[in-house]
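Peer 1: Provided below are the primary sequence and the corresponding predicted coordinates.
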Amino acid sequence: MKVCRFATAAGSHRLGIVDGDEVVDLSASEAPSEPAAALAAVGRNGLHELAGDAPRLPLADVRLLAPAAPRKYLGIALNYADHIAEMGMEAPEVPVFFNKQVTCVVGPGAEVHMPKVSTLLDYEAELAVVVGRRCRHVPVERAHEVIAGYTCANDLSVRDWQGRAQTMTIGKSFDTHGPLGPWLVTPDELGDPQDLRIRCSVDDELRQDASTAEMVFDCFQQVSHLSEAFTLEPGDVIATGTPAGVGIGRTPIRENVLHIGQTVRVEIEGIGALVNSVVAEPDGFIAGE
């Protein structure tokens, strides 16, 4: 099942199921509009039942929103061997996580900003895990039980700001620098999350091309590790790392990081494509307004 959040011309935010080139509009139901919360409330079977007599809209006529509204957005660093090598670093012995502030989240098709304070904006194609229920101390072998689904992420990074703090959070959290989408794919439809092709293109140039099988710490290990420290909640997002080919790993760096006017496409097998274009940060922008 592909579950989405979308907006109509009237601007209301709605829950939907993507079925081919249509969206089943579940806004008249009592299910929450956030996909993970809806799955937690009524389950996949419940959403199927709600979809039975629900109206359908052409997918082309709606604006897709980020398929998660996280209270926590966590990303793992250095989780693909080839990316570790291109950065000239060693593989960590334990997963190394940073926060992305949730005000960075935008959806597919949204414009992402070249900051006023930097020109070192970089892309990172990633598989994102979306948590499906409140949980703590989840064993690795049961981590699949707490996952609502998966989506594409672009962990946009302002490299000079990222390097100014050991936590990396400030360089990872600029407004609009957390694109997610295009929808949430449930685990039963996606299959093995550790056997997916993941690619990133800048305009028409393929920059990243790898398999999620190459992760150092897999999705389930990441969920389990984080749950040892704090409660995970429906809608929380875990970006599971990026493979080699990021702009800062290529030479010359200035030519390979992002520029205003470029379009970034993150595509993951079994999910779809997340596409966003880079624009200059507009004057007076405040997230959510």
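Peer 2: It's in. Numbers count the residues shown, from 1 in each chain.
Peer 1: from here on, contacts and neighbour counts on C-alpha atoms
Peer 2: Fine.
Peer 1: and the helix-or-strand element of the chain with minimal mean pLDDT, what's buried?
Peer 2: Between all helices and strands in the chain, the lowest mean by mean pLDDT, DSSP states H and E belongs to helix 81-86, at a mean of 93. Buried residues in helix 81-86, counted by 16 or more other Cα atoms under 10 Å: 81-84.
Peer 1: same question, stretch 236-252
Peer 2: Within stretch 236-252, the residues scored as buried using 16+ other Cα under 10 Å are 236-250.
Peer 1: got the CA positions of it in PDB?
Peer 2: Provided in PDB are the C-alpha atoms of stretch 236-252 (Å, rounded to 0.1, in the frame of the first residue of the first chain):
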ATOM      1  CA  ASP A 236       9.300   9.700  13.500                       C
ATOM      2  CA  VAL A 237      11.700   9.500  10.600                       C
ATOM      3  CA  ILE A 238      15.100   7.800  10.400                       C
ATOM      4  CA  ALA A 239      17.300   8.600   7.400                       C
ATOM      5  CA  THR A 240      19.400   5.500   7.000                       C
ATOM      6  CA  GLY A 241      22.500   6.900   5.400                       C
ATOM      7  CA  THR A 242      23.800   7.800   1.900                       C
ATOM      8  CA  PRO A 243      26.100   6.000  -0.500                       C
ATOM      9  CA  ALA A 244      29.100   7.400  -2.300                       C
ATOM     10  CA  GLY A 245      28.800  10.200  -4.900                       C
ATOM     11  CA  VAL A 246      27.900  13.200  -2.800                       C
ATOM     12  CA  GLY A 247      29.100  16.500  -4.000                       C
ATOM     13  CA  ILE A 248      31.700  17.000  -1.300                       C
ATOM     14  CA  GLY A 249      33.200  13.700  -2.200                       C
ATOM     15  CA  ARG A 250      33.800  14.700  -5.800                       C
ATOM     16  CA  THR A 251      36.300  17.100  -7.300                       C
ATOM     17  CA  PRO A 252      36.200  20.000  -7.800                       C
END
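Peer 1: now residue 259. Nearest residue, chain neighbours left out?
Peer 2: Sequence neighbours aside, residue 278 is the residue nearest to residue 259 in space, at 6.8 Å (criterion: Cα to Cα, 6 or more residues apart in numbering).
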